[in-house]
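Visitor: this one's sequence-less:
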């Protein structure tokens, strides 16, 4: 029974790692479409999100089967319940990448963001891709140093997100109101993507150490 | 055993209903602070969100205990796992109400939204309070007609959310860029609040009927 359970847990872990890869790829491609006003690529990102949703659903069904058939308790049970939470965060990261692609498609043939904030978005995207990649590594290795790195990367994103609002509030900002709205939303999507990566990192940290820091939760 | 389980399930159901009441109240007070630039009330909403987070955590611990001690299967198991999902949606609704209060505090003594869109926000708030209230009724009665009503109310919110963007894009819009950003975010928070209400409604619908409509999910 225990052996079967460990094998099931291993498979669920692999499904989570697979989701994190798809989500990193979604952010990479969504940002590429956003930066280049590439509506074809945006369309592909939007279509690909259905697969992430499907795989999340499959993972969750799998986790529920394990709960039903193995009746795990203690840390094993927390691991399975934690997987359900992490898959929800990863699925949401896919949604947020899709939202960025949808903004791209909406504004085509124009770019969503004006030149002045393009470097900020490039950096937010880079950090988010790194977060999603590190989430996969963390799930694979359980090396908690990676969890700390993810939290650090997300702080950088939060600062960039604030800097977008500062740019919007500056006298130099001469963009149209709809552009201001698009930039606000795109920055918010980037920020939330990182937050969900942190949620997964904190969950792994909790599952490994048994310690939860509610005040440091993704309380944003 | 079965009797104990039913009692536990009843308690978890009551905890969810209690959360939905707190969330309805959070939206009501957050909107009141937003409409009246009442920073004192905003501060109370922000502080009260910690209680929602605490109660969600307590509910989840309770649900995990039930999984460990009762080892439910089939529909009972799905009910418990569904509770974990619903509590996450309700907790998030609390966060979104808090975000609206935080915008209020940030812009005090000014109002967040200009006069022209105040009626739209009033209506979004009214619909969201109704959604949160109906979520409580749905959890209590399992009357699926209420789930359909919630989905209908959320469609109205989506339309109002779109109308805010139309207002921003119109020639009449003469607000500053930071105001445009605030209005965009506030409208987004309102829209997401409703989406999470729909998530709970769909989950109850699924638990009662066993039928899931993935394409009608809160895929927004």
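Guide: Here it is on my side, so go on. Note that this is a predicted model, so its numbers are computed, not measured.
Visitor: quick one: contacts for the residue nearest the centre of chain A?
Guide: Residue closest to the mean C-alpha point of chain A, counted by C-alpha atoms, centre = their mean, is residue A:93 at 3.3 Å. Residues in contact with residue A:93 (C-beta atoms under 8 Å, 6 or more residues apart in numbering or on different chains) are A:23, A:26-27, A:132, A:193, A:196-197. Heads up, the C-betas are built off the backbone N, CA and C, glycines and all.
Visitor: Is it possible to get JSON lines of those that adds neighbour count, secondary structure and distance to residue B:179?
Guide: Compiled in JSON lines, the contacts of residue A:93 are given as follows (neighbours: other C-beta atoms under 10 Å in any protein chain shown; DSSP: H, G, I helix; E, B strand; the rest coil; distance: C-beta to C-beta, whole Å):
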{"residue": "A:23", "neighbour count": "32", "secondary structure": "helix", "distance to residue B:179": "34"}
{"residue": "A:26", "neighbour count": "28", "secondary structure": "helix", "distance to residue B:179": "32"}
{"residue": "A:27", "neighbour count": "32", "secondary structure": "helix", "distance to residue B:179": "30"}
{"residue": "A:132", "neighbour count": "29", "secondary structure": "helix", "distance to residue B:179": "33"}
{"residue": "A:193", "neighbour count": "30", "secondary structure": "helix", "distance to residue B:179": "26"}
{"residue": "A:196", "neighbour count": "26", "secondary structure": "helix", "distance to residue B:179": "29"}
{"residue": "A:197", "neighbour count": "32", "secondary structure": "helix", "distance to residue B:179": "31"}
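Visitor: Out of those residues, which comes closest to chain B?
Guide: residue A:196 (11.6 Å; C-beta to the nearest C-beta).
Visitor: and the closest one, what does it touch?
Guide: Counting by C-beta under 8 Å, 6+ apart, the residues that residue A:196 touches are A:89-90, A:92-93, A:96, A:218.
Visitor: From the residues you listed, which land in helices?
Guide: A:89-90, A:92-93, A:96 (DSSP state H).
Visitor: Format the residues you listed as CSV; extra columns: pLDDT.
Guide: Below are the ones in helices among the contacts of residue A:196 laid out as CSV (pLDDT from 0 to 100):
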residue, pLDDT
A:89, 98
A:90, 98
A:92, 98
A:93, 98
A:96, 98
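Visitor: and which of those residues is nearest residue A:60?
Guide: Closest approach to residue A:60 among these (C-beta to C-beta): residue A:90, at 11.2 Å.
Visitor: okay, now the closest one: neighbour count?
Guide: 30 (other C-beta atoms under 10 Å in any protein chain shown).
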